[in-house]
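Sequence and predicted structure, then a few things I'm wondering about:
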Amino acid sequence: MKNIKAVLLAVALAPWWLGGCTQPSDAETAMAAVEEGEGHGHEEEGTPDVVRITARQAEAIGLETGAIEYKPLQHSIAVTGTLELFPQNRANVGALMPGRVDDIRVVEGDRIGKGGLLATLTNPEFIDWQQQLLERLSRREYLLQEKERKEKLFEKQITSGREYQLALAEWKANEAAINSLRSKLQLLGIDPDKVAEGRIFSRIPVRAPISGYVHKVMVSMGDYVEPQDDLFDLANNRRVHVDLRVFEKDIFKVRKGQKVVFTVANHPDKVFEATIHTIGRAFEDDLKSIHVHAEMDNADDLLLPGMYVEGRILQETEPRPVLPEEAVVREADLAWIFVQLDEASMEDADDHHEEEADMLRFRRVPVVAGEAVLGYVPVQLLEPLPDDARVVIRGAYMLSSELIKGELEHEH
């Protein structure tokens, strides 16, 4: 206890790094609380500030333990925004040629890779192009031989140059028609080499230009579609980015490469991270704010375009010890956490409770707590803890109630 008081006194005289806890009165208050606690009933048993519960009780209250985390949350800019997609990560898919929808292979929500089949269309014109290609290919050998024959005759001055020029022009026109038809068929997704082998395709595929999810299906079986019609809406959610609004007073604090931490409504317990890559150069007239875009990897597909986000742009990179809000018990101007005691520490502190070795034991430890940021509270430890210390991150208030209850029972 003397060591703890020494630590508390040293902290009370040192500057505190948290913006919300700059005055030493918090540490002094914590020290006074420890001194006051020296006289409570638990010390008679040799275990001050220790609460004991069974494993079954811990499960019933949903108690969880975890390690102290380190995050740079001290200096930050509060921002809001939405999740958006870059234009190249979204696609409205239509048909290159008019046709009737013959088959639909996907439904909304399906994941599809780039080049995957979405639907097929039919149109007699598709067959006409393939027929024209076969006809042009069949004339190719004849026109080539005719050109070469007229060229030799012209060189020997047996025929006029006009006949050679006509043969050459006809051969070139046929080659141009072949190349044009091949290109058209390739755009439609038909392999011209297979057509050249004699295969005729009555359907053309509609394929995905990007990998992603099918956001909307805007066509039904049997619909006749035109090139200007949108058939499918695809979105690659993995490349979602954060579109934030930063107000005029904070613009000078923002720079490319800064980290952004944020939460969304459907995952309130998870903090996501992104990195600023683009800063807008024009004000929004109504709000006097600029758009700031931050990139992130959405590999787990937890985030969807259009989600509202609340976050912070971090101004510092040095991590500080933090704990979830539920881990810190606040009582007036004081703050406490509960640390699980292992068997070795309990043998040293409480040898006469060997019969309770099957119980879980937790010790209340005073801390100085800052303002919560995105569900985390910056904390300053008032006594050293082992690197592998397990802190109660859920159920701390229940343990505090049990401790107070035990103290009251002892007084009576």
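Done, it's in.

Hmm, G375 and K71 touching each other?
No - assessed by Cβ atoms under 8 Å, K71 is found out of contact with G375, at 10.7 Å. Just so you know, the C-beta spots here come from the backbone N, C-alpha and C atoms, and that holds for glycine as well.

So which of those two has more stuff around it?
Taking other Cβ atoms under 10 Å, K71 and G375 do not tie; K71 has more neighbours (18 against 14).

so what pLDDT did the more buried one get?
K71 is assigned a predicted lDDT (pLDDT) of 78.

Roughly how far does it sit from Y376?
6 Å (Cβ to Cβ, to the nearest Å).

what touches both of the two?
Counting by Cβ atoms under 8 Å, 6 or more residues apart in numbering, the residues touching both K71 and Y376 are V322.

How far does stretch 75-93 stretch from one end to the other?
End-to-end span of stretch 75-93 (Cα to Cα, to the nearest Å): 45 Å.

I'd like the mean pLDDT over that stretch, please.
pLDDT averaged over stretch 75-93 gives 88.

Only the buried residues of that stretch, if you could.
76-77, 79, 81, 83-85, 89-91, 93 (16 or more other Cβ atoms under 10 Å).

can you put those in a markdown table and add distance to E383?
A markdown table is the format used below for these (distance: Cβ to Cβ, whole Å):
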| residue | distance to E383 |
| --- | --- |
| S76 | 28 |
| I77 | 33 |
| V79 | 36 |
| G81 | 40 |
| L83 | 42 |
| E84 | 47 |
| L85 | 49 |
| N89 | 50 |
| R90 | 54 |
| A91 | 58 |
| V93 | 63 |
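
Which of those sits closest to I210?
The closest of those to I210 turns out to be A91 (Cβ to Cβ; 5.1 Å).

so what's that closest one bridging to?
With DSSP bridges as the criterion, A91 is bridged to L234.

For it, give its distance to L314.
Distance from A91 to L314, by Cβ to Cβ: 34 Å.

Could you chop the protein up by domain?
As assigned by automatic domain parsing, the chain contains the domains 2-71+319-411, 76-86+236-314, 89-235.

Worst mean pLDDT among those domains?
Among these, domain 2-71+319-411 carries the lowest mean pLDDT (a mean of 68).

how many neighbours does P378 have?
P378 - counted by other Cβ under 10 Å - has 26 other residues nearby.

Spatially nearest residue to it (excluding sequence neighbours)?
Distances taken as Cβ to Cβ, 6 or more residues apart in numbering put G370 closest to P378, at 3.8 Å, once the chain neighbours are dropped.

I'd like the distance between that neighbour and R390.
For G370 relative to R390 (Cβ to Cβ), the value is 22 Å.

Between the two, which is the more surrounded one?
G370 (25 against 18).

separation between the more buried one and G222?
In terms of Cβ to Cβ, G370 sits 64 Å off from G222.

ok, back up a step: so which of the buried residues of stretch 75-93 sit within strands?
76-77, 79, 81, 83-85, 90-91, 93 (DSSP state E).

Next up, the contacts around the residue nearest to A95 when sequence neighbours are not counted.
In space, A95 comes closest to V225 once its chain neighbours are excluded; the distance is 5.1 Å by Cβ to Cβ, 6+ apart. Applying Cβ under 8 Å, 6+ apart to V225 gives the contacts 94-95, 98-101, 121, 219, 231.

Name the secondary structure element that contains I204.
strand 203-207 (DSSP states H and E).

Note down every partner strand of that strand and its orientation.
For strand 203-207, pairing defined by DSSP bridges yields strand 117-122 (antiparallel).

between the partner strand and strand 90-94, what angle do the directions make?
With axes from the mean of the first three to the mean of the last three Cα atoms, to 10 degrees defining the directions, strand 117-122 sits at 20 degrees from strand 90-94.

Can you name the element that comes right after strand 117-122?
Using DSSP H and E, the helix or strand that follows strand 117-122 in sequence is helix 124-155.

List the buried residues for that next one?
Of all the residues in helix 124-155, those buried under the rule 16+ other Cβ under 10 Å are 126, 129-130, 133-134, 136-137, 143, 146-147, 150, 154.

Go through the residues you listed and name the one nearest S211.
Taking the buried residues of helix 124-155 together and measuring to S211 by Cβ to Cβ, the closest member is F126, at 26.7 Å.

give me the number of residues near the nearest residue to that closest one once chain neighbours are set aside?
Using Cβ to Cβ, 6+ apart and skipping residues adjacent in sequence, the residue nearest F126 is I204, 5.5 Å away. For I204, the neighbour count with other Cβ under 10 Å is 22.

Might you report the residue contacts of I204?
I204 sits next to 97, 99, 120-123, 126, 188-190 when contact means Cβ under 8 Å, 6+ apart.

Could I get those residues in JSON lines, plus columns for distance to N266?
Output for the contacts of I204, formatted as JSON lines (distance: Cβ to Cβ, whole Å):
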{"residue": "M97", "distance to N266": "42"}
{"residue": "G99", "distance to N266": "40"}
{"residue": "T120", "distance to N266": "37"}
{"residue": "L121", "distance to N266": "38"}
{"residue": "T122", "distance to N266": "42"}
{"residue": "N123", "distance to N266": "44"}
{"residue": "F126", "distance to N266": "45"}
{"residue": "L188", "distance to N266": "41"}
{"residue": "G189", "distance to N266": "38"}
{"residue": "I190", "distance to N266": "44"}
